[in-house]
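Peer 1: kindly return the folded structure for what I paste below:
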Amino acid sequence: MNLSSRLMVSFAFIILITLCLSFSTLVLVSRPIQNRINRVQLVNQSRLAARQVDIFLNRGGSVAELIERISGNSLLNETHLLLVDGQSRVLADTADAWVGQVLALDSSARQGAIDAARVGSFQSPAGETITFAAQLVGDTNNPVGYVMAVAPEPSGLPPIISQLGLGFVVAGGISLLVSLLIGLLIARSIALPLRDISKATTAVAAGDYAHRVPENGPPEIRRVSTSFNTMAGRVEAAQAAMRDFVSNVSHELKTPLTSIKGFSQALMEGAAQDEAARRRAAEIIHEEASRMSRLVEDLLDLARIESGQIVMHKMPLDVAQILNSTIDRLLPQAVEKQIDVVRRWDTIPPVVGDGDRLAQVFTNVLDNAVRHTPAGGQIMIAARTVESPSTRKTPAESEASTQMVQISIRDTGPGIPPDDLARVFERFYQIDKSRKRGSGAGLGLAIIKEIVEAHHGYVDVQSEVGLGTTFVIALPIAAAEA
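Peer 2: Numbering: from 1, shown residues only. Have a look, this model is predicted:
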């Protein structure tokens, strides 16, 4: 049974239970109402009969004539009337059933005979419960007795139910039909989007990563659809990055392997006859092997950082010293390209971190800046203390200091196109699709991001095409102060 059918069966079951409870409530409520109606009718009947009896007596009729007239005769259609004396003895009965018998009135009706309870009940000789309403007849000082209108207490379903039953059944049927139609619409509004999500899941599992689902239906279903589309987008991006990675790594490995194979074969076959040629071949083999080694190391670094296998050896660090050391190592390359390197910071508070890993971060960013800045350009490195953005705080950090050391590295290179800017930190993503020799496999910025986040910091990038790029690295100093 599919989801729609289960929902419809559930709706029908709930509606039937509701109708049954409603009918039971109607029965429970109608019984006291019916009893009240019966007693009101008996009171009216007894009053009417008592008035007729008083008229008869006032016209000179005797008690004996009254008893004779009442016995075996219905004065008010089908009303069962009794003439009872002060001791609850039946003097006359329109049904000729209980004449001469003493009625076993209930305790409330026996208090002061009938005067204390003009409405009550008693057990008939046959054991049946009888409801009565009594009215005094005759002179108040010398009463003849009481006229009682009596009727059996209703059993089973109250008559009002039989009168309302057909209407209740019709209304219940209409309600059931309307509710089922509404339930069908609700079930479809839930089941159809879920069916679309199920189909989309199958499509994504089959490799159609561009498949998306319409975000409609109830709010909960829309949230599920939005989450699915977000997930599918990330899977699609991951697959695209993986394809780029396979292509890049294949190219990066193919070139050095080709060189190593060619020059090693030349050495084996004796093609490099003089010492200079053999040395040059050995140098090329060594360079290409080093390139492959760096690529493998980058891949291993990223894998270890993602899996948490790399332990950061954190200690108080002088960020200015790390920056100066990194700049000094890359300064010859900048001087060769006539790039002006500007350092702009005052006193930088210490941070707690892994010095080697932070040096790796700054080296990678500065190396990119030097490589992409044209001759005669400028690279500016600035550092300052800032407040941590509230959107980047963790619950633990919200209780601690919010200050961070912010290092910005700005170059005057060609800039990064907007389409590429959002993906620069993706693993294996390369802005330069030409795959020039030695350009790397697109892992450097992904490793930088992982290292900085492992220090509870963050890294951002801003760029304008033709004006340059600025990388911003922020590291918290709360731990260092502690």
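Peer 1: this protein: strands as residue ranges?
Peer 2: Listed in chain order, the strands of the chain (DSSP state E) span 80-84, 90-93, 104-105, 119-123, 129-138, 143-152, 315-317, 340-344, 351-353, 378-387, 403-411, 458-464, 468-476.
Peer 1: okay, angle between the last one and strand 458-464 too, please.
Peer 2: For strand 468-476 against strand 458-464, the angle by axes from the mean of the first three to the mean of the last three Cα atoms, to 10 degrees is 160 degrees.
Peer 1: in stretch 142-153, which of the residues would be classed as buried?
Peer 2: Neighbour-count burial for stretch 142-153 flags 144-151 (criterion: 16 or more other Cβ atoms under 10 Å). For glycine as for every other residue, the C-beta is placed from the backbone atoms N, C-alpha and C.
Peer 1: stretch 297-316 too?
Peer 2: 298-299, 301-302, 305, 310, 312, 314.
Peer 1: one more: stretch 18-26?
Peer 2: Neighbour counts over stretch 18-26 (16+ other Cβ under 10 Å) mark 19, 23, 26 as buried.
Peer 1: could you give the average pLDDT over that stretch?
Peer 2: For stretch 18-26, mean pLDDT rounds to 77.
Peer 1: likewise for stretch 475-482?
Peer 2: pLDDT averaged over stretch 475-482 gives 62.
Peer 1: if we can go back for a sec, check the buried residues of stretch 297-316 and tell me the two furthest apart.
Peer 2: Comparing all pairs in these by Cβ to Cβ, the longest separation belongs to Leu299 and Lys314, at 24.5 Å.
Peer 1: returning to that earlier point: and the buried residues of stretch 142-153, which is closest to Gly466?
Peer 2: Nearest to Gly466 out of the buried residues of stretch 142-153 is Ala151 (Cβ to Cβ; 104.3 Å).
Peer 1: distance of Leu48 from Val137?
Peer 2: Distance, Leu48 to Val137, by Cβ to Cβ, to the nearest Å: 12 Å.
Peer 1: now Leu421
Peer 2: 107 Å.
Peer 1: circling back to that earlier point, how about the buried residues of stretch 297-316 in JSON lines, adding distance to Asp411 and pLDDT?
Peer 2: Listed next are these as JSON lines, based on distance: Cβ to Cβ, whole Å; pLDDT from 0 to 100:
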{"residue": "Asp298", "distance to Asp411": "22", "pLDDT": "72"}
{"residue": "Leu299", "distance to Asp411": "27", "pLDDT": "73"}
{"residue": "Asp301", "distance to Asp411": "24", "pLDDT": "73"}
{"residue": "Leu302", "distance to Asp411": "24", "pLDDT": "70"}
{"residue": "Ile305", "distance to Asp411": "26", "pLDDT": "70"}
{"residue": "Ile310", "distance to Asp411": "29", "pLDDT": "69"}
{"residue": "Met312", "distance to Asp411": "28", "pLDDT": "74"}
{"residue": "Lys314", "distance to Asp411": "29", "pLDDT": "82"}
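Peer 1: of those, which belong to helices?
Peer 2: Cross-referencing those against helices under DSSP state H gives 298-299, 301-302, 305.
Peer 1: remind me which residues of the stretch 251-400 of the chain are low pLDDT?
Peer 2: 251-252, 272, 306-310, 390-400 (pLDDT under 70).
Peer 1: more neighbours: Leu421 and Val137, which one.
Peer 2: Ranked by neighbour count (other Cβ atoms under 10 Å), Leu421 and Val137 place Val137 first, with 23 against 17.
Peer 1: thought the more buried one was touching Ile55?
Peer 2: No - counting by Cβ atoms under 8 Å, Val137 does not reach Ile55; the two are 10.3 Å apart.
Peer 1: now the end-to-end length of stretch 209-222.
Peer 2: Length of stretch 209-222, first residue to last, Cα to Cα, to the nearest Å: 20 Å.
Peer 1: tell me where the protein has helices.
Peer 2: Remark: helices assigned in the chain by DSSP H are 3-58, 63-70, 107-110, 159-205, 219-269, 275-307, 319-336, 355-372, 395-398, 418-421, 444-454, 478-481.
Peer 1: tell me what angle the longest one forms with strand 129-138.
Peer 2: What that stands for is helix 3-58. Here the directions of helix 3-58 and strand 129-138 differ by 30 degrees (the same axes, to 10 degrees).
Peer 1: which other helices and strands does helix 3-58 contact?
Peer 2: Helices and strands touching helix 3-58, by 3 or more Cβ pairs under 8 Å, 6 or more residues apart in numbering; DSSP states H and E, are helix 63-70, strand 80-84, strand 119-123, strand 129-138, strand 143-152, helix 159-205.
Peer 1: now, of these, which is deepest in the fold?
Peer 2: strand 80-84 (a mean of 24; mean count of other Cβ atoms under 10 Å).
Peer 1: mind listing what that one pairs with, with the direction of each?
Peer 2: strand 90-93 (antiparallel), strand 143-152 (antiparallel) (DSSP bridges).
Peer 1: what residues does that strand touch?
Peer 2: 45-46, 49, 53, 66-67, 70, 74-75, 90-95, 98, 103, 114, 132, 134, 137, 144-151 (Cβ atoms under 8 Å, 6 or more residues apart in numbering).
Peer 1: same thing with stretch 372-381?
Peer 2: By Cβ under 8 Å, 6+ apart, the surrounding residues in contact with stretch 372-381 are 323, 327, 334, 337-345, 366, 369-370, 407-414, 468-469.
Peer 1: picking that back up, dump the ones in helices among the buried residues of stretch 297-316 into TSV; add distance to Ser290 as well.
Peer 2: Output for these, formatted as TSV (distance: Cβ to Cβ, whole Å):
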residue	distance to Ser290
Asp298	13
Leu299	15
Asp301	16
Leu302	19
Ile305	22
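Peer 1: list just the nearest of the residues you listed to Gln34.
Peer 2: Ile305 (81.8 Å).
Peer 1: so how far is Ala446 from that closest one?
Peer 2: Going from Ile305 to Ala446 by Cβ to Cβ gives 9 Å.
Peer 1: same thing with Asp328?
Peer 2: According to Cβ to Cβ, Asp328 and Ala446 sit 26 Å apart.
Peer 1: ok, those two, which is more surrounded?
Peer 2: Remark: of Asp328 and Ala446, Ala446 carries more neighbours, 22 against 10, as counted by other Cβ under 10 Å.
Peer 1: I figured the more buried one hits Leu302, correct?
Peer 2: Yes - counting by Cβ under 8 Å, Leu302 is a contact partner of Ala446 at 6.1 Å.
Peer 1: I'd like the helices of the chain as CSV, with distance to Thr79 appended.
Peer 2: Shown next, in CSV, are the helices of the chain (distance: least, Cβ to Cβ, whole Å):
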stretch, distance to Thr79
helix 3-58, 5
helix 63-70, 11
helix 107-110, 19
helix 159-205, 16
helix 219-269, 65
helix 275-307, 96
helix 319-336, 108
helix 355-372, 106
helix 395-398, 83
helix 418-421, 97
helix 444-454, 95
helix 478-481, 96
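Peer 1: got the contact list for the closest residue in space to Pro125 that isn't next to it in sequence?
Peer 2: For Pro125, ignoring the flanking residues on the chain, the nearest one in space by Cβ to Cβ, 6 or more residues apart in numbering is Gln101 at 6.3 Å. Neighbour list for Gln101: 89-90, 125 [criterion: Cβ under 8 Å, 6+ apart].
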